[in-house]
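Asker: make a model of this:
(2 chains)
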Amino acid sequence: MTAFQIILMGLLIICAVSVSFSKNLLNSILIYMSFSLVMSMLWICLESPDLAITEAAVGAGITSVLFFVTLKKIHAIDASEPEAKEETENE
Amino acid sequence: MSRKKSNEEYQKTSAFRFFRWLSGEKDPYIGNVEMCPQEEYQPDREAALRHEKEHDAILDKVYDATHNKSLYLFHRLYQATSVLFCLFLIALLLVTVSYLPANGTVIRPVNNEVAERYIEKGLEETGAVNIVAGMILDYRAFDTLGESHVLFVATITVLILLRLNKTEKDEAEVNDRRFEPKNDAILQLVATFLVPIIIIFGIYIILNGHLGPGGGFSGGAVIGAGLVLYLNAFGFKKTERFFTEKTYKWVCFFSLSFYCLAKSYSFYTGANQLHSVIPKGTPGAILSSGLILPLNIAVGLVVACTIYAFYAMFRKGGF
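Answerer: Numbers count the residues shown, from 1 in each chain, chains lettered A, B, ... in the order given. Next up, the predicted model:
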């Protein structure tokens, strides 16, 4: 195992822990996205590019986009940004 | 639906009465039984408040840990046992793992003849340079068929859960536009350059599934991501020109049934020791490896459409 892989493993653990400890839901999703990106790099290091492509497209792309839409639906993104809320009220 | 009897005649039949009783449209007791008229319900606020206060007082008394000695003891015991139980579970799992054969030794169950055969005869039997594609779409094509159907069933379930009717859909669209301003110049410019590249990359992954890394699922996911980006930048009006609910239905129907038929044919020939007419081709050429390329295309189409459909349904409850 090279030093690069050890650094990636450490990043994975940091991401996984900070997802659950982050107070803001939007931040959690962004950290989750970075978790997926680090994971896809690790897949390449483990010589499985198939999984790396899928992980990058599904984990970092589509799952987090679906999470964003869900947050928007339950108005969790608006509540954390008071400016955006005022704008919509003014309309 | 056409009915032979007229409406009045139909209302006299026992079928009409049965369905009316089934749906509960008519109460059979009204008019037959003497009953006093129902009083209108009037909420008593004071009684409700009093009731709530009493409830709170009882709760406070029960959960007052400083005076209730046994409750305090129970809390302590509960915490201690939960920690002990967790530790016991961890220890149990670790002990079990320690009995497994070590990684890389010969006696591991992974090192059996199946993997050997895949590596040695995979190229010869499936014609795919990418052994992974040969495995998932030839040796284990039945699993992949199940996966595609799982995706299809998942979309149907989401459709049942999130679908809105016409008026609600219009309302949701208006809300959508208010919360997410369209015509974002930066996003649109970036999307104009990126979306074609992303989609062409996805097509490349699908078509090269039997030659290099990738395949139907990953390529389809990439194409779906490109479609979602396009939708975000330009809105539903533009995507509806080429992708509606009808497109989704027909693409999924044709891909899944093509997959079923093609694989049924190869299962049939394989099980009966018949000669398959599908040529293997020369390994390494784009038109080779028998059924893997068309199956990859079918899986990719299903996955791309499913991802787009998921996003559209989460956004506004329909296409």
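Asker: what residues does the stretch 1-150 of chain B put near chain A?
Answerer: Within the stretch 1-150 of chain B, the residues that sit near chain A (CB under 8 Å from any CB of the partner chain) are B:V132. In short, each C-beta sits where N, CA and C put it, glycine included.
Asker: check the secondary structure at the nearest residue to A:V69 once chain neighbours are set aside for me.
Answerer: Leaving aside its sequence neighbours, A:V69 sits nearest to B:F314 (CB to CB, 6 or more residues apart in numbering or on different chains; 4.4 Å). Following DSSP: H, G, I helix; E, B strand; the rest coil, the label given to B:F314 is helix.
Asker: contacting residues for B:F314?
Answerer: A:66, A:69-70, A:73, B:158, B:162 (CB atoms under 8 Å, 6 or more residues apart in numbering or on different chains).
Asker: for those, which one is nearest B:G219?
Answerer: Ranked by distance to B:G219 (CB to CB), those are led by A:L66 at 19.5 Å.
Asker: doesn't B:F310 make contact with the closest one?
Answerer: Yes - counting by CB atoms under 8 Å, A:L66 does reach B:F310; the two are 6.5 Å apart.
Asker: anything in contact with each of those two?
Answerer: Taking CB under 8 Å, 6+ apart as the contact rule, A:L66 and B:F310 touch no residue in common.
Asker: the more surrounded of the two?
Answerer: Legend: neighbour count by other CB atoms under 10 Å in any protein chain shown for A:L66 and B:F310, higher for B:F310 (22 against 17).
Asker: quick one: that one and A:L26, what's the gap?
Answerer: B:F310 sits 20 Å away from A:L26, going by CB to CB, to the nearest Å.
Asker: residues near B:I200, how many?
Answerer: 13.
Asker: what pLDDT does it get?
Answerer: Note for B:I200: predicted pLDDT of 94.
Asker: list the contacts of the helix or strand hosting A:G10.
Answerer: Assigned by DSSP states H and E, A:G10 falls within helix A:3-21. Helix A:3-21 has contacts (CB under 8 Å, 6+ apart) with A:28, A:31-32, A:34-35, A:38-39, A:41-42, A:45.
Asker: one more pass at 6 Å, please.
Answerer: Identification of contacts with helix A:3-21 by CB atoms under 6 Å, 6 or more residues apart in numbering or on different chains yields A:28, A:31-32, A:34-35, A:38, A:41-42, A:45.
Asker: now the helices: where do they sit in chain B?
Answerer: All helices of chain B, identified by DSSP state H, fall at B:7-12, B:14-23, B:45-62, B:69-98, B:113-126, B:131-134, B:141-162, B:166-179, B:185-207, B:216-239, B:245-271, B:292-316.
Asker: any chance of those helices in CSV, with distance to A:G59 too?
Answerer: As requested, the helices of chain B are arranged in CSV below (distance: least, CB to CB, whole Å):
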stretch, distance to A:G59
helix B:7-12, 57
helix B:14-23, 47
helix B:45-62, 44
helix B:69-98, 26
helix B:113-126, 27
helix B:131-134, 19
helix B:141-162, 16
helix B:166-179, 26
helix B:185-207, 16
helix B:216-239, 10
helix B:245-271, 24
helix B:292-316, 13
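Asker: so of those helices, which one's packed in deepest?
Answerer: helix B:292-316 (a mean of 24; mean count of other CB atoms under 10 Å in any protein chain shown).
Asker: what angle do that helix and helix B:141-162 make?
Answerer: Going by axes from the mean of the first three to the mean of the last three CA atoms, to 10 degrees, helix B:292-316 is angled at 10 degrees with respect to helix B:141-162.
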